[in-house]
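Undergrad: Sequence first, then the predicted structure, then my questions.
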Amino acid sequence: MNYISTRSGCGPDSPPIGFLDAVLAGLAPDGGLYVPQTWPAFTPEEIAAFGGKPYHQVAAAVLGRFAGDEIPADVLGDMCREAYDSFSHAATAPLKQLYPDTYLLELFHGPTLAFKDVAMQLLGRLYDYALKRQGRKITILAATSGDTGGAAVEAFRGRSNVNIVVLFPDGRISEVQRRFMTTATEANVRCVAVQGTFDDCQGILKAAFQDDQFRTAVDLSAVNSINFARIAAQCVYYFTAAVALGAPATSPAFVVPTGNFGDAFAGYVAHAMGLPISRILTATNSNDIVARAFTEGRYSRGVVAPTQSPAMDIQVASNFERLYFECARRDGLETGRAFQAFASTGGLDIPPAALAAMRDLFAGASVSETDTSAAMVSTLNETGELIDPHTAVAVAAARRLGSPSPYAPQIVLSTAHPAKFTEAVHAATGVIPPSPRGAGELAARPERFDRLPADGEAVKAYVRDFAIG
Ligand SMILES: Cc1ncc(COP(=O)(O)O)c(C=O)c1O
Ligand SMILES: N[C@@H](CCOP(=O)(O)O)C(=O)O
């Protein structure tokens, strides 16, 4: 299986590369994102056969299609088993019925209590395998609005073939999110509070990849959802959840709390591989670039506003470029031109045919702070479930169409444990979420992080100094 850039043919040559090379590269040298040259597919019988299988076996089957013959099946099977052994729930990603037509897909049973662990626990093992074979030591630069950073630190801390630097927006993430990163004691981990927004952090990261000399000098890699392996690992729970509700005979809808559009794009991938999905509703907070793209047909950057769902305070959604590429007939030239123009003007009009193709599967809804709080309260009162503010954004969006939903059954992705956002949950519901394993002790541990301005050159100098002295 080979991987191509969404900007193939536009700018410096990015020839097709294999799975492990795409994993280690993260972002293509032309600034595009890697996608498989063709989508692997499952037959309806193969999908039905996932029913009743442990999560790690479905993960190995799905990842196997993306890895091709680059990882022996038994090695990949062991990686998946070990990755999901670190989860506190036997089902890894259990489904919970909330209302007759609505289910919660709990993705927060990993070590840092957010859905990022599902992919990151696997990525740590994939990197280890690839780096040992290639005899390399690399530098991971990650940008986080709170959850990716903690999951990445947990997955890569102490690994001898990796240095990792995580950039987070100073003062714009929750205390528990910050402590999951900053309390790591391992020497291969550095965390940096950037004086800016998540978009500034992500912009610095992407610009660093465009600097050939820097990229090569530190052997740069990325574990944000610009890395296709993140998407591949995240599409697995679409299969397990849909099959648990009767797919391929039924065609569920998914409601996805959305920021960088990685999780929602993972749903697209599952669909492209043959999973029947009736609709993917992307739910944003007031940082609504994705919701506006689907409703208005224009993808245009807004000003980032802080909300109680801070991990979604994002106004440049990296993975939207992958969807654009898919819906623009996989035309790398057109995609490259559109996103180069977006980088300089902050906006792009989606061509009518591409927009129609997007709307075949996707819709968008933006949810206010008041409605997010109300969703936390009503979910608790009506079902007894305490949900985090990101999940609440999706629950509120799911309810807009009333009950029963025309898209039943609908599966809401529950992307974080409420204990990660204690203040917001307490403010809305009056309840302090009980701390599950791990989170309780974080408050007593010393923190270690540096501060930098939102300046690409300053960040590169910092990373260079850390990685190569
Ligand atoms: C808790 C939580 N929910 C939802 C999202 C949005 O997911 P995505 O960026 O894949 O759209 C994030 C951040 O990525 C998150 O941390
Ligand atoms: N919400 C994310 C932002 C980065 O998303 P990613 O999925 O691209 O890594 C976070 O919590 O950091």
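TA: Perfect, I can see it now. Residues are numbered from 1 along each chain as shown. Ligands and ions are numbered 1, 2, ... in the order given.
Undergrad: Can you tell me which residues in the stretch 251-400 of the chain are near ligand 2?
TA: With CB under 6 Å from any ligand atom as the criterion, the stretch 251-400 of the chain meets ligand 2 at residues 259-260, 262, 311, 318. C-beta: built from backbone N, CA, C; applies to glycine.
Undergrad: Of the residues you listed, which are in range of ligand 1?
TA: 259-260, 262, 311.
Undergrad: which of those residues tops the neighbour count?
TA: Compared across these, residue 259 has the highest neighbour count, 33 neighbours, by other CB atoms under 10 Å.
Undergrad: who are the neighbours in contact with the residue in the stretch 301-450 of the chain positioned nearest to ligand 2?
TA: Proximity of the stretch 301-450 of the chain to ligand 2 (CB to the nearest ligand atom) peaks at residue 311, 3.8 Å away. Residue 311 makes contact with 114, 145-147, 173, 177, 259, 390, 415-416, according to CB atoms under 8 Å, 6 or more residues apart in numbering.
Undergrad: run the last query once more with 6 Å
TA: 145-147 (CB atoms under 6 Å, 6 or more residues apart in numbering).
Undergrad: Can you point out the buried residues in the strand or helix carrying residue 451?
TA: For residue 451, the enclosing helix or strand under DSSP states H and E is strand 450-453. For strand 450-453, a neighbour-count test (16 or more other CB atoms under 10 Å) marks residue 452 as buried.
Undergrad: Can you name the residues in contact with whichever helix or strand comes after that strand?
TA: Next along the chain after strand 450-453, taking DSSP H and E as the criterion, comes helix 456-468. Applying CB under 6 Å, 6+ apart, the contact partners of helix 456-468 are 139, 163, 165, 190, 204, 207-208, 214, 218, 452.
Undergrad: if you set the cut-off to 7 Å instead, what comes out?
TA: With contact meaning CB atoms under 7 Å, 6 or more residues apart in numbering, helix 456-468 is reached by 139, 141, 163, 165, 167, 190, 192, 204, 207-208, 211, 214, 217-218, 452.
Undergrad: ditto for stretch 33-45
TA: 1-6, 16, 22, 27-28, 65-66, 226, 228, 248, 272-274, 321-322, 325.
Undergrad: Please state the offset of that stretch from the chain centre?
TA: 19 Å (CA atoms, centre = their mean, to the nearest Å).
Undergrad: Would you quantify the distance from residue 250 to ligand 1?
TA: For residue 250, the distance to ligand 1 (CB to the nearest ligand atom, to the nearest Å) stands at 25 Å.
Undergrad: And residue 397, by the same measure?
TA: Using CB to the nearest ligand atom, we find residue 397 at a distance of 12 Å from ligand 1.
Undergrad: got the phi/psi numbers for that residue?
TA: Main-chain torsions, residue 397, degrees, to the nearest 10: phi -70, psi -40.
Undergrad: So what sits opposite the closest residue to residue 219 other than its chain neighbours in the bridge?
TA: Of all residues not flanking residue 219 in the chain, residue 138 sits nearest, at 4.4 Å (CB to CB, 6 or more residues apart in numbering). Judged by DSSP bridges, the bridge partners of residue 138 are residue 162.
Undergrad: Thought residue 165 was touching residue 138, still the case?
TA: No - counting by CB atoms under 7 Å, residue 138 does not reach residue 165; the two are 11.6 Å apart.
Undergrad: which neighbours do the two share?
TA: In terms of CB under 7 Å, 6+ apart, residue 138 and residue 165 are not both contacted by any residue.
Undergrad: To which secondary structure element is residue 168 assigned?
TA: Assigned by DSSP H and E, residue 168 falls within strand 162-169.
Undergrad: chain center to the helix or strand of the chain with the lowest mean pLDDT, what's the gap?
TA: Between all helices and strands in the chain, the lowest mean by mean pLDDT, DSSP states H and E belongs to helix 439-442, at a mean of 82. Relative to its parent chain, helix 439-442 has a centroid offset of 24 Å by CA atoms, centre = their mean.
Undergrad: which helices and strands sit right next to it?
TA: For helix 439-442, the contact count by 3 or more CB pairs under 7 Å, 6 or more residues apart in numbering; DSSP states H and E identifies helix 175-182 as packing neighbours.
Undergrad: could you check whether the helix it packs on is close to ligand 2?
TA: No - counting by CB under 6 Å from any ligand atom, ligand 2 has no neighbours in helix 175-182; the shortest distance is 7.4 Å.
Undergrad: Packing partners of that helix?
TA: helix 147-156, helix 439-442.
Undergrad: which residue sits closest to residue 395, ignoring its sequence neighbours?
TA: Using CB to CB, 6+ apart, the nearest residue to residue 395 is residue 375, at 4.5 Å.
Undergrad: next one: residue 209
TA: Residue 209 sits nearest to residue 27 (CB to CB, 6+ apart), 4.5 Å away.
Undergrad: For the one you found, the count of nearby residues, please.
TA: With other CB under 10 Å as criterion, residue 27 counts 24.
Undergrad: and it, how far is that from ligand 2?
TA: 11 Å.
Undergrad: buried stuff in the helix or strand hosting residue 356?
TA: Here residue 356, judged by DSSP H and E, is contained in helix 352-361. Within helix 352-361, the residues that qualify as buried are 354-355, 357-359, 361, counting by 16+ other CB under 10 Å.
Undergrad: And for stretch 440-450?
TA: Buried residues in stretch 440-450 (16+ other CB under 10 Å): 442, 449.
Undergrad: for it, how far is the first residue from the last?
TA: For stretch 440-450, the first-to-last residue distance is 24 Å (CA to CA, to the nearest Å).
Undergrad: and what of stretch 430-437?
TA: 22 Å.
Undergrad: could you give the mean pLDDT of that stretch?
TA: With pLDDT averaged residue by residue, stretch 430-437 scores 90.
Undergrad: what helices or strands is the longest helix that the chain contains leaning on?
TA: Ranked by residue count, the top helix of the chain under DSSP state H comes out as helix 116-134. Packing partners of helix 116-134 (3+ CB pairs under 7 Å, 6+ apart): helix 19-25, helix 73-85, helix 147-156, helix 228-234.
Undergrad: Which one of the ones you listed lies nearest to residue 103?
TA: Proximity to residue 103 (CB to CB) singles out helix 228-234 among the helices and strands packed on helix 116-134, at 17.6 Å.
Undergrad: Most proximal residue of the stretch 1-150 of the chain with respect to ligand 1?
TA: residue 147 (3.4 Å).
Undergrad: How many neighbouring residues does residue 396 have?
TA: 25.
Undergrad: that's a strand at it, yeah?
TA: No - using DSSP: H, G, I helix; E, B strand; the rest coil, the assignment for residue 396 is helix, not a strand.
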